[in-house]
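Colleague: Can you look at this prediction? I've put the sequence above it.
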Amino acid sequence: MIAAQADGARGWLLELLQVALAAAGVWVVLSAVDIAMYERVTNGHEAPSAAPLACVMSAPLTERVRAGRIEESAGAPVASTVPQGSGELASALARVSGDLAGLAGGVREDDIFYADIDSIAELVGAKLHQASPTSAARLVCPTGIVEFTPFSRTVTRNFQATDLPHPTRVIGERLQLPVRGLDRVLPVSASWDDEGHIWTLTCEERRLQVAVPEDLFEITIDRGDRTLEIRYAGQRLVKWACCTGEGNNSPIGEWRVVNKAVWPAWRAYWGEYMPGGSARNPLGARWLGTSARGHATGRAIGIHGTNQPSSIGRRISGGCIRLTNAHAIEMYNTIPVGSRVIIQE
């Protein structure tokens with residue numbers, strides 16, 4: 001009787017031990033799986049304690065740019081996808097600008113041309129003394145000392161006061177001198193090219209041409225070839241395929257760039273509003289509005305990106321000029337408002 005009870009107790013203990021070992025084995029397996037998953041997600045680093053992990057799958061950057069689908073996680077369009085000053089257009093502009101010795105980027109305000117004092121000092125071979133852009137600037141020239149005061153028409157030349165036709169200005173943290181009238185106080189001769197919109201300043205053997213960027217850029221759109229060409233100071237920068245308006249929807253003529261926008265919204269012909277960055281918005285990543293108007297709709301004609309890259313090279317739009325989003329972004333970053341746009345057959 002006692003032996004039977006002992007055998008029963010040993011059997012019960014053996015079963016309990018087997019259950020405990022099985023439970024421990026399951027716990028070990030689950031712990032190993034948990035550790036493996038943790039290491040795979042965090043790649044061996046400590047996971048952040050606050051925010052949950054998420055996995056986002058997306059197409060390559062260039063593909064998303066050209067399809068017009070780059071958006072932040074919250075749904076808002078990205079402000080920029082091509083860094084400022086990069087791309088085929090910017091590279092071509094840098095190359096051409098380097099070849100144009102003696103050409104200065106001027107500033108035009110109220111139809112008055114200005115050139116920065118550093119370029120003028122180099123032209124006349126003067127040493128510039130100026131504490132800050134808003135302080136008086138003194139040019140020590142071979143012919144004497146000339147002092148300019150910001151926001152004043154009065155210039156002192158060899159201690160004699162002379163008035164310029166227009167006051168100096170501080171633009172872009174640089175003192176700008178009105179080109180017209182500089183020959184009154186500096187040893188330069190000045191001439192104006194009405195066709196090219198360029199001032200030419202000459203000092204002995206040195207020459208400086210002053211022009212504003214919007215006069216140097218020229219955009220030519222050929223409806224028949226479905227191409228867009230950009231020139232700077234008469235030299236070609238790029239020539240890209242584009243989509244033009246069906247029939248005469250893209251009006252022939254000479255126009256100007258009047259505004260620019262990032263991921264522009266669009267009001268459809270049937271009245272629907274499409275926010276910028278929407279996959280259904282046909283304007284794509286960038287917009288350069290022109291002074292041209294469509295014959296059929298009367299709407300403004302723009303140069304813009306597209307959500308239909310397959311339309312590039314065709315003549316099917318409502319009048320606007322479509323480019324790939326990548327090219328539209330390059331134009332937005334480089335082409336200034338006021339640039340000339342020519343649409344031809």
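Modeller: That came through, no problem.
Colleague: okay, CA-based contacts and neighbour counts for the rest of this
Modeller: OK.
Colleague: residue ranges with poor pLDDT in the protein?
Modeller: Along the chain, the model assigns pLDDT under 70 to residues 1-14, 16-86, 101-102, 104, 295-296.
Colleague: how about 80 then?
Modeller: Scanning the chain with the threshold set as pLDDT under 80 gives 1-86, 97-105, 195-196, 294-298.
Colleague: okay, now the domains of it?
Modeller: The record's domain split for the chain, according to automatic domain parsing, is 107-211, 215-344.
Colleague: Tell me which of those sits most buried.
Modeller: Across the domains of the chain, averaging neighbours per residue (mean count of other C-alpha atoms under 10 Å) puts domain 215-344 on top, at a mean of 20.
Colleague: Quote the end-to-end distance of it.
Modeller: Taking C-alpha to C-alpha, to the nearest Å, domain 215-344 runs 19 Å from one end to the other.
Colleague: repeat for stretch 193-205
Modeller: End-to-end span of stretch 193-205 (C-alpha to C-alpha): 19 Å.
Colleague: Residue 177 reaches residue 115, doesn't it?
Modeller: Yes - assessed by C-alpha atoms under 8 Å, residue 177 is found in contact with residue 115 at 5.4 Å.
Colleague: So which elements touch the longest strand along the chain?
Modeller: When the chain is parsed with DSSP state E, its longest strand is strand 253-262. Counting contacts by 3 or more C-alpha pairs under 8 Å, 6 or more residues apart in numbering; DSSP states H and E, strand 253-262 packs against strand 286-293, strand 340-344.
Colleague: In JSON lines: those strands, plus distance to residue 235.
Modeller: Converted to JSON lines, the helices and strands packed on strand 253-262 look like this (distance: least, C-alpha to C-alpha, whole Å):
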{"stretch": "strand 286-293", "distance to residue 235": "21"}
{"stretch": "strand 340-344", "distance to residue 235": "14"}
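Colleague: And these: which comes nearest residue 334?
Modeller: strand 286-293 (11.1 Å; C-alpha to C-alpha).
Colleague: Now do the closest one: everything it contacts.
Modeller: For strand 286-293, contacts defined as C-alpha atoms under 8 Å, 6 or more residues apart in numbering pick out 251, 255-264, 299-305, 325, 328-329, 332, 341.
Colleague: now stretch 198-218
Modeller: Against stretch 198-218 from outside (C-alpha under 8 Å, 6+ apart): 102-108, 113, 115, 123-124, 179, 187-193, 196-197, 230-234, 335-342.
Colleague: Could I get the domains of the chain in a markdown table, plus columns for distance to residue 94?
Modeller: Formatted as a markdown table, the domains of the chain follow (distance: least, C-alpha to C-alpha, whole Å):
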| stretch | distance to residue 94 |
| --- | --- |
| domain 107-211 | 16 |
| domain 215-344 | 10 |
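Colleague: Each with direction, which strands does the longest strand of the chain pair with?
Modeller: Paired strands of strand 253-262, with direction, are strand 286-293 (antiparallel), strand 340-344 (antiparallel) (DSSP bridges).
Colleague: just so I know, which of the helices and strands packed on strand 253-262 lies nearest residue 220?
Modeller: Ranking the helices and strands packed on strand 253-262 by proximity to residue 220 (C-alpha to C-alpha) places strand 340-344 first, at 4.7 Å.
Colleague: what's the first-to-last distance across stretch 146-165?
Modeller: Across stretch 146-165, the terminal residues are separated by 16 Å (C-alpha to C-alpha).
Colleague: Pull the residues that contact it.
Modeller: The contact list for stretch 146-165 (C-alpha under 8 Å, 6+ apart) reads 134-140, 144-145, 166-170, 175, 178, 180-182, 184-186.
Colleague: Could you rerun that using 10 Å?
Modeller: Stretch 146-165 is contacted from outside by 112, 117, 126, 128-130, 133-140, 143-145, 166-170, 174-186, using C-alpha atoms under 10 Å, 6 or more residues apart in numbering.
Colleague: helices or strands next to the helix or strand where residue 231 lies in the packing?
Modeller: Assigned by DSSP states H and E, residue 231 falls within strand 227-232. Here strand 227-232 touches helix 88-99, helix 213-216, strand 217-222, strand 235-241, strand 321-322, strand 340-344, going by 3 or more C-alpha pairs under 10 Å, 6 or more residues apart in numbering; DSSP states H and E.
Colleague: okay, those in CSV with distance to residue 312 next?
Modeller: Shown next, in CSV, are the helices and strands packed on strand 227-232 (distance: least, C-alpha to C-alpha, whole Å):
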stretch, distance to residue 312
helix 88-99, 18
helix 213-216, 26
strand 217-222, 13
strand 235-241, 6
strand 321-322, 7
strand 340-344, 17
